[in-house]
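Enquirer: Next comes the sequence, and after it the predicted model I'd like to discuss.
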Amino acid sequence: MKPCFREPIAEILDTARYLDAATSAHLSGHREIASALFQIANCDATRAWLESIWGAKSPYVQLTRLSELPLEPAHRVQSRMPNKAQMLQLHARDGYHCRYCGIPVIRPEVRKKVCQLYPEQVTWGSTNASQHAGFQTLWAQYDHVLPHVYGGTNDLDNLVVSCAACNFGKMSYRLEELGLSDPRERPPLQSQWAGLERLLIAR
């Protein structure tokens with residue numbers, strides 16, 4: 001069993017550093033520097049890593065169907081995503097890293113703020129190619145470890161913070177079908193990365 005579909009590449013951490021430096025530059029009033037750094041963080045290698053996992057024909061997502069069938073809809077807990085308060089609880093527990101592959105993540109609320117501040121450098125269009133590669137790859141998601149279709153609940157102990165690649169790669173399959181180990185059996189990654197949240201509290 002492996003922890004994630006594909007090991008992160010070095011460029012992803014570089015992307016996070018550029019985004020963090022851009023945020024610091026913005027908060028210090030250096031908008032030109034921030035603009036340049038946000039543009040550098042739109043990294044082709046980072047996007048290629050993401051697309052290699054969440055694509056329909058990913059060579060990294062290998063599925064082995066098990067005999068147990070999904071539950072009938074009437075026997076499933078109604079599927080729902082965590083509310084804002086629950087998301088904050090999840091980040092307080094898991095930090096701002098994917099519990100599967102460990103890469104840094106950024107909440108959509110932060111990305112939207114940056115898109116408003118730097119609309120030319122940080123785009124978020126209707127297609128994958130039109131979305132900023134750094135924010136797309138570091139896009140915070142909330143994964144139901146045991147999927148709803150197999151009886152998974154919406155309780156926080158069945159939810160983990162994940163990145164876009166791991167969440168969309170996993171879809172509604174069980175860990176055993178994908179050869180993934182349970183991320184809850186590993187402690188959350190500890191670091192100074194805080195998801196650029198300081199942008200939301202800045203005046």
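Expert: Perfect, I can see it now.
Enquirer: CA only for contacts and neighbour counts going forward, please
Expert: OK.
Enquirer: how about the longest helix belonging to the chain: buried residues?
Expert: Determined from DSSP state H, the single longest helix within the chain is helix 10-27. Buried residues in helix 10-27, counting neighbours by 16 or more other CA atoms under 10 Å, are found at 11-26.
Enquirer: which residues sit against the helix or strand that it is followed by?
Expert: The C-terminal neighbour of helix 10-27 among helices and strands, as given by DSSP states H and E, is helix 31-40. With contact meaning CA atoms under 8 Å, 6 or more residues apart in numbering, helix 31-40 is reached by Thr15, Tyr18, Leu19, Ala21, Ala22, Thr23, Ser24, Ala25, His26, Tyr118, Gln121, Val122.
Enquirer: Considering these, which is situated nearest to Ser67?
Expert: Nearest to Ser67 out of those is Thr15 (CA to CA; 41.2 Å).
Enquirer: returning to what we had before: which one of the contacts of helix 31-40 sits closest to Pro188?
Expert: Nearest member of the contacts of helix 31-40 to Pro188, counting by CA to CA, is Thr15, at 20.9 Å.
Enquirer: in the protein, which spans are strands?
Expert: 141-144, 159-162 (DSSP state E).
Enquirer: Tabulate those strands (TSV), appending distance to Ser58, mean neighbour count and mean pLDDT.
Expert: TSV is the format used below for those (distance: least, CA to CA, whole Å; neighbours: other CA atoms under 10 Å; pLDDT from 0 to 100):
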stretch	distance to Ser58	mean neighbour count	mean pLDDT
strand 141-144	19	24	96
strand 159-162	18	25	98
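Enquirer: Nearest to Lys2, out of the ones you listed?
Expert: Nearest of these (CA to CA): strand 159-162, 15.5 Å.
Enquirer: Quickly run through the sheet partners of that closest one, with directions.
Expert: Here strand 159-162 is paired, per DSSP bridges, with strand 141-144 (antiparallel).
Enquirer: Need the contact partners of the strand it pairs with.
Expert: 81-82, 87, 107, 152-154, 158-164, 167.
Enquirer: Pull up the distance across stretch 169-189, start to finish.
Expert: Using CA to CA, to the nearest Å, the end-to-end distance of stretch 169-189 comes out at 21 Å.
Enquirer: Now do the buried residues in that stretch.
Expert: Gly169, Lys170, Ser172, Tyr173, Arg174, Leu175, Leu178, Gly179, Leu180, Asp182, Pro183, Pro188.
Enquirer: Please name the nearest non-neighbouring residue to the last one.
Expert: By that I understand Pro188. Asp94 (5.2 Å; CA to CA, 6 or more residues apart in numbering).
Enquirer: Also the first one?
Expert: Closest residue in space to Gly169, ignoring its immediate chain neighbours: Trp54 at 4.8 Å, by CA to CA, 6+ apart.
Enquirer: For that neighbour, which residues are in contact?
Expert: Per CA under 8 Å, 6+ apart, neighbours of Trp54: Ala164, Ala165, Cys166, Phe168, Gly169.
Enquirer: With that, I have no additional questions.
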